[in-house]
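Trainee: I would like the atomic coordinates for the input below:
(chains A and B)
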Amino acid sequence: MNHPTNPIPKATGELAGPCGQAGPAPADDLLTLPRETLLAVEHRLRNHLNSLLMTAAALSLRGEGQGGADLYDQIERDVRACLDLLRELSDTAA
Amino acid sequence: MAGKPALLIVDDDVGFVRAAAEIARTLAYDVVVAGSVAQALARLRAGTFDLALIDLSLPDGSGLELLEHIDLGGRTQVILITGHPTVESALKAMRLPIVDYVVKPMQLARFRQMLETAALQQRQPESAPDDSWHGIAGPSPAMAAVRQQVARVAPTDASVFIEGESGVGKELVAAAIHAESGRTGPFVALNCGAVPEDLLTSQLFGHERGSFTGANARHTGLFEQAQGGTLFLDELSEMPLHLQVHLLRALETRRIRRIGGSEDIPVDVRIVSATNRPHADAIATGHLREDLYYRLAEFPMALPPLRDRVGDILPIAQLFLSRLNERYQTRRALSREGALRLQRYRWPGNIRELKNLIQRAYILAEGELITPTLPVDAGKPPAETASTITFVVGTPMEEVERRMLFKTLAYYDNNKARTAQVLGITTKTIYNRLSNYQASKREAAEGADEPPDEPDPESDR
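Mentor: Have a look, this model is predicted:
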């Protein structure tokens, strides 16, 4: 599905296990996300990145004088969507 | 050749669809898009596609639903795309046939590779040529002229002399002439190069009992066997000159006499003869009597080699493939890459080689698409002269030996003692090899429509 708009499920804020840090991190710096949440974010990110990459590819294949404003606008939209998604995730965890 | 390959993109991501369609068009694809299962079903009903790129997550259902409406294993190749990496393992578990999948984001190189591969594997039209007449196939003007000549000359009594390289279908043409002639007798064929010289006279004219050692019974010769029909004499220039004199006399008098016989037997036989070397060369080198040629060539015909009629290659290949599909109840098709390869090759063995190659590719094919493998360095056939022989790297030793033996025999006018001497082998070895080759050819001919017409000199000099 393209760009689902359903809100990201709320993070629990519970203590997570070690994530490769050198030592135990303070509980406030860790975040536990439900798997469903993570998968939803990943899915939407992949969709936006897919559109972004292919649009950039199409733009690179266009010859001189063929313009590219429409494709550039699409790239901007995809970048903005990725940032929005990350901000939404950040807000969820706040 | 087929037209542009057709691509169906099913995804509701407008940005991706627009970009992917633009890229595909630069690769000469015709592109149709759909944003939902319902739209895609309508597109699939309206047309056929070489490649379908389908997103799994669609607003009104799953892309998997579309698979039921696509002829998997047929013309359309399917690639499923998904934004869920975990879906990949689920798809693997489903073991869907002929379906590939890509996890987003898709990179340009991967996308181009998919499109180029699909274009190469694009199925060629399966329809067999409808201009095959008595097996004489090929839409080229040259072959149309051949069919026309056959139709014109067949009802007459004219002797026909056919020139053409090995494998061009000389016997097919001879049989067509007989079939269209209205003659009620049989069609009898003899490869003059495949029968030992001392047996050839008896084969043609027959013999009476006791006429020579081993003649334990009367033998009816091919002239008599072809009574009322057609006698096809292939590789006529391999016939010994003294026998050519007998043949000329028989043709002029329309009578033959069996070996050891005392009376002439009237024969009503139409003669069609053929050589795989130009008649002028055969006459100049003393392999063919000039008077016999003019007696036999009341209607001369020339069959062009396959390399001179490139437009015939694919239709004839399709014809052979459709026969195999019919015989084995399959639906295999020639891939676009395979078609390109066939058209680039020079076909020194002509139609017989094409037929063998298609048969081999059909047998070795693992899927529905056939991509024949051609001989190494196929695009550059080695030049040969009467006294030289060239092999491409990778030629099997058995083939090297076989060609070397035939070439040397031809160079020394079938003189086996001389051939054995220069090759450093015994005459007995030569006889054994020739006997083995003959047996192999007979086995191959049993499953083929055209009998081999490669010279197989067994005459003793």
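Trainee: The closest residue to B:Val103 other than its chain neighbours: neighbour count?
Mentor: Among residues not flanking B:Val103 along the chain, B:Pro85 sits closest, at 5.2 Å (CB to CB, 6 or more residues apart in numbering or on different chains). Yep, even glycine has a C-beta here, placed from its N, CA and C like the rest. When neighbours are counted by other CB atoms under 10 Å in any protein chain shown, B:Pro85 registers 13.
Trainee: ok, so what distance separates whichever residue of the stretch 201-350 of chain B sits closest to chain A from B:Lys4?
Mentor: Closest residue of the stretch 201-350 of chain B to chain A, CB to the nearest CB: B:Arg336 (22.6 Å). B:Arg336 sits 11 Å away from B:Lys4, going by CB to CB, to the nearest Å.
Trainee: Then B:Thr395?
Mentor: For B:Thr395 relative to B:Lys4 (CB to CB), the value is 39 Å.
Trainee: Could you do B:Ala274 as well?
Mentor: Taken as CB to CB, the span from B:Ala274 to B:Lys4 is 43 Å.
Trainee: and if you look at B:Arg254?
Mentor: 62 Å.
Trainee: What are the buried residues along the lengthiest helix in chain A?
Mentor: Across chain A, the longest stretch assigned as helix under DSSP state H is helix A:35-61. Buried residues in helix A:35-61, counted by 16 or more other CB atoms under 10 Å in any protein chain shown: A:37, A:40-41, A:43-59, A:61.
Trainee: Within reach of chain B, which of those residues are there?
Mentor: Restricting the buried residues of helix A:35-61 to those adjacent to chain B (criterion: CB under 8 Å from any CB of the partner chain) gives A:43-44, A:46-47, A:49-55, A:57-58, A:61.
Trainee: now for the residues you listed, which pair is the farthest apart?
Mentor: Greatest spatial distance among these (CB to CB): A:His43 and A:Leu61, at 27.4 Å.
Trainee: What residues of stretch B:143-150 count as buried?
Mentor: Along stretch B:143-150, these residues count as buried under the neighbour rule (16+ other CB under 10 Å): B:Met143, B:Val146, B:Arg147, B:Gln149, B:Val150.
Trainee: Please read the previous query as pertaining to stretch B:330-349.
Mentor: By 16+ other CB under 10 Å, the buried positions in stretch B:330-349 come out as B:332-339, B:341-342, B:345, B:347-349.
Trainee: same check, this time on stretch A:61-68
Mentor: Residues of stretch A:61-68 classed as buried: A:Leu61 (neighbour count, 16+ other CB under 10 Å).
Trainee: same thing with stretch B:104-112?
Mentor: B:Lys104, B:Pro105, B:Met106, B:Leu108, B:Phe111, B:Arg112.
Trainee: Please apply the same query to stretch B:162-182.
Mentor: Residues B:162-181 are the ones in stretch B:162-182 that count as buried (16+ other CB under 10 Å).
Trainee: Point out the residues in chain A that sit beside chain B.
Mentor: Looking at chain B, the residues of chain A close enough under CB under 8 Å from any CB are A:1-3, A:39, A:42-44, A:46-47, A:49-55, A:57-58, A:60-61, A:71, A:74, A:77-78.
Trainee: so where is the chain shaky, pLDDT-wise?
Mentor: I'll assume chain A. By pLDDT under 70, the weakly predicted segments of chain A are A:1-28, A:93-94.
Trainee: try again with chain B
Mentor: Short version for chain B, where the test is pLDDT under 70: B:1-3, B:71-75, B:86-99, B:122-132, B:376-387, B:392-394, B:443-461.
Trainee: Quick check: residues of it near chain A?
Mentor: B:11-16, B:18-20, B:22-23, B:26, B:57-59, B:81, B:83-86, B:103-108, B:111.
Trainee: out of the residues you listed, which are buried?
Mentor: The buried subset of these - by 16+ other CB under 10 Å - is B:11-13, B:15-16, B:18-20, B:22-23, B:57-58, B:81, B:83-84, B:103-106, B:108, B:111.
Trainee: nearest residue to B:Thr230 other than its sequence neighbours?
Mentor: That would be B:His178: by CB to CB, 6+ apart, it lies 3.9 Å from B:Thr230.
Trainee: so how far is A:Asn50 from that neighbour?
Mentor: As judged by CB to CB, B:His178 and A:Asn50 stand 66 Å apart.
Trainee: same question, B:Gly229
Mentor: From B:Gly229 to A:Asn50 the distance is 72 Å (CB to CB).
Trainee: Quickly find the element holding B:Asp281.
Mentor: helix B:279-284 (DSSP states H and E).
Trainee: buried set for that helix?
Mentor: Per 16+ other CB under 10 Å, helix B:279-284 contains these buried residues: B:His279, B:Ala282, B:Ile283.
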